[in-house]
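Q: task: produce atomic coordinates for the following.
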Amino acid sequence: MKPSAIYLDYAATTPIAESVAQKMQACLLRDGNFGNPASNSHMYGWQAAEAVELARQQVADLIGAEVREIVFTSGATESDNLALFGAARLQAQKFGKKHIISSSIEHKAVLDCLAQLESEGFEVSYIQPNQSGQTTVQQIADVLRADTALVSIMHANNETGIINNIAAIAQLCRQSAVLFHVDAAQSVGKLALDVKAMGIDMLSVSAHKMYGPKGVGALYVSRQPKVELAPLMFGGGHERGMRSGTLATHQIVGLGEACALAQDNQAELAEIKRLRDMLWQGIQHLPMVSLNTDLDNALVGHLNVCFSGLVGETLLMSLRRLALSSGSACNSASMKPSYVLTEMGLSDQAADSSLRFSLGRYTSEQEINDAIAHICEVCQRLAA
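A: The predicted model follows:
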């Protein structure tokens, strides 16, 4: 049975687009494209391989890459792991470089990789964001060293939506002969991206953040200049030797279709921004409410709000008509305040009183009106 709550948690995951589901289904059944893409001796394998390569082209087209630079993975978490472990270990082995730069508000898929690399003898400089939630070029330049092997900075934050100047950071890294990885799970399909023009070496993509299926993603790995990665998985040499394993045709086709749908979505993004601004305008009069981030420099679907004096978990439970979160879905088991917000300078109490609203393709104006009414009623009741 379909839940009745208004869905405002698009940053956690998006519903699969109808055309994505249809194309995936066509790869699952016996009368469909069910073959193994690596089976190169018969038509079933050829057809599956053709579908995979079409999807590879669709991903490449969306981010401005060459088709051979797309490596399919199980999602952005695996892409982050492959980029960080694969690049760092090879840089240490070949050049003796064991210093990495990142920010303290990266996704856990990056931070946990870095913690593991530290246990292996790497040194990591964690940059604290400014009060706006950005990691700046100057901050990175200040900690660059001769033995810096890699910089990893997200394009847009998953909790606040704040956007970093990736092109400027990439230019600094290229000038310093340092590899640059970007976690773009939240931004692909929502921001203009051209990995070649920007000078990005590696970039992580997630399907389920852009109306595709869970369990599939991609890693862009530059061929010019050439980036080499030590693989994490072995067995068959698939994906240019970087990611062995039988390719999941149906999921890859779903990712490709999601990327194709995102090619011409400016009108959709403008409508999402209008509804996001409408939501903020509808609740900003509440005396306990304040914005945690600058909407002019955030993804159009993100709204991170502090409800001062109210406990976030209590507020979440009271807003029963809304499906939203207090932070990253990956940290939902933790009762600690958002580390992203505290690193930006918010107190533990303010971070604990904050909620993330995220809108998307299927959000309607009626839902926003209903959400505004519900939020105002609940906040006034709790404050009283």
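Q: can you give me the helices for the stretch 51-200 of the chain?
A: Residue ranges of the helices in the stretch 51-200 of the chain, as given by DSSP state H, counting those that start in this stretch, are 76-95, 108-119, 137-143, 166-175, 195-198.
Q: with distance to residue 211, mean neighbour count and mean pLDDT added, can I get those in TSV?
A: Yep, even glycine has a C-beta here, placed from its N, CA and C like the rest. As requested, the helices of the stretch 51-200 of the chain are exported to TSV (distance: least, Cβ to Cβ, whole Å; neighbours: other Cβ atoms under 10 Å; pLDDT from 0 to 100):
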stretch	distance to residue 211	mean neighbour count	mean pLDDT
helix 76-95	15	22	97
helix 108-119	20	17	98
helix 137-143	32	15	98
helix 166-175	23	18	98
helix 195-198	21	17	97
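Q: turn those into a markdown table, columns for distance to residue 376.
A: Compiled in a markdown table, the helices of the stretch 51-200 of the chain are given as follows (distance: least, Cβ to Cβ, whole Å):
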| stretch | distance to residue 376 |
| --- | --- |
| helix 76-95 | 35 |
| helix 108-119 | 33 |
| helix 137-143 | 39 |
| helix 166-175 | 37 |
| helix 195-198 | 42 |
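Q: the residue positioned nearest the centre of the chain and residue 78, how far apart?
A: By Cα atoms, centre = their mean, the chain has its centre lying nearest to residue 185, at 1.9 Å. Using Cβ to Cβ, to the nearest Å, residue 185 is found at 11 Å from residue 78.
Q: mutual contacts of those two, please.
A: Common neighbours of residue 185 and residue 78 are listed as residue 217 (criterion: Cβ atoms under 8 Å, 6 or more residues apart in numbering).
Q: worst-scoring helix or strand of this structure, pLDDT-wise?
A: Lowest mean confidence among the helices and strands of the chain (mean pLDDT, DSSP states H and E): helix 312-318, at a mean of 90.
Q: got a list of contacts for that one?
A: Contacts of helix 312-318 (Cβ under 8 Å, 6+ apart): 307, 324-326, 335, 352-355, 378-379, 381-382.
Q: can I get those in a markdown table including neighbour count, pLDDT and distance to residue 11?
A: Formatted as a markdown table, these follow (neighbours: other Cβ atoms under 10 Å; pLDDT from 0 to 100; distance: Cβ to Cβ, whole Å):
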| residue | neighbour count | pLDDT | distance to residue 11 |
| --- | --- | --- | --- |
| 307 | 24 | 96 | 18 |
| 324 | 22 | 94 | 9 |
| 325 | 20 | 89 | 8 |
| 326 | 23 | 82 | 12 |
| 335 | 10 | 63 | 20 |
| 352 | 22 | 94 | 19 |
| 353 | 26 | 95 | 19 |
| 354 | 26 | 95 | 14 |
| 355 | 22 | 96 | 12 |
| 378 | 20 | 96 | 21 |
| 379 | 21 | 95 | 22 |
| 381 | 9 | 93 | 27 |
| 382 | 16 | 91 | 24 |
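Q: for those residues, give me a markdown table that also has distance to residue 190 and secondary structure.
A: Supplementary listing: those in a markdown table, determined by distance: Cβ to Cβ, whole Å; DSSP: H, G, I helix; E, B strand; the rest coil:
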| residue | distance to residue 190 | secondary structure |
| --- | --- | --- |
| 307 | 26 | strand |
| 324 | 18 | coil |
| 325 | 18 | strand |
| 326 | 22 | coil |
| 335 | 30 | coil |
| 352 | 28 | helix |
| 353 | 27 | coil |
| 354 | 22 | strand |
| 355 | 20 | strand |
| 378 | 29 | helix |
| 379 | 29 | helix |
| 381 | 35 | helix |
| 382 | 33 | helix |
